[in-house]
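*Asks:* Make a model of this:
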Amino acid sequence: MNEEHWYQHQLRVRYAETDQMGVVYHANYLNWFEIGRTELIRELGYPYRRIEQQGLLLPVVEADLKFKKPARYDDLVSVNTRVLEMTSVRIHFTYEIRKVNEDMAEGSEGNTGELLVTGTTRHVWVNPSWRPVRIEKEAPELWQLLSKYS
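*Replies:* Residues are numbered from 1 along each chain as shown. Okay, here's the model as predicted:
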């Protein structure tokens, strides 16, 4: 997706996602990244379940996170996701986690709110035997949808 087209998914920080310091435990941001990318693909009209039914898997091969400020229990946050780059075998997502101003939560455009965490994940398309596959051959419709936004 180009710079102006981030997919946004809001969620509220649950108590179980925080640690003894009262902030979101760092590993939970990776879960939120997963939510962001699966919801982005769903928004394109291709639910993740359909990908798996076609015998395709998308394991993470690299992850990078940079922590700016902590999210805390009951904060409303936006998981902003876009495709950074893509080839027929690999896909690279970028993310921003932002604290949402509750007064502006509904219908806000663009990446607004206080920046908390940035990150990226890189993935490889594989079959159930964990052999790399070319997505344009295995799922041409998905390839076309993702290509429009990379």
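
*Asks:* Now do the nearest residue to residue 30 once chain neighbours are set aside against residue 41, distance only.
*Replies:* Setting aside the residues directly before and after it, residue 30 is nearest to residue 63 in space (Cβ to Cβ, 6 or more residues apart in numbering), at 6.3 Å. In short, each C-beta sits where N, CA and C put it, glycine included. Note on residue 63: its distance to residue 41, by Cβ to Cβ, to the nearest Å, is 18 Å.

*Asks:* So which of these two has more stuff around it?
*Replies:* Remark: of residue 63 and residue 41, residue 41 carries more neighbours, 22 against 15, as counted by other Cβ atoms under 10 Å.

*Asks:* What number of residues are in the vicinity of the nearest residue to that one once chain neighbours are set aside?
*Replies:* Setting aside the residues directly before and after it, residue 41 is nearest to residue 48 in space (Cβ to Cβ, 6+ apart), at 5.8 Å. Residues near residue 48, counting by other Cβ under 10 Å, number 16.

*Asks:* and residue 48, how far is that from residue 74?
*Replies:* Separation of residue 48 from residue 74 (Cβ to Cβ): 28 Å.
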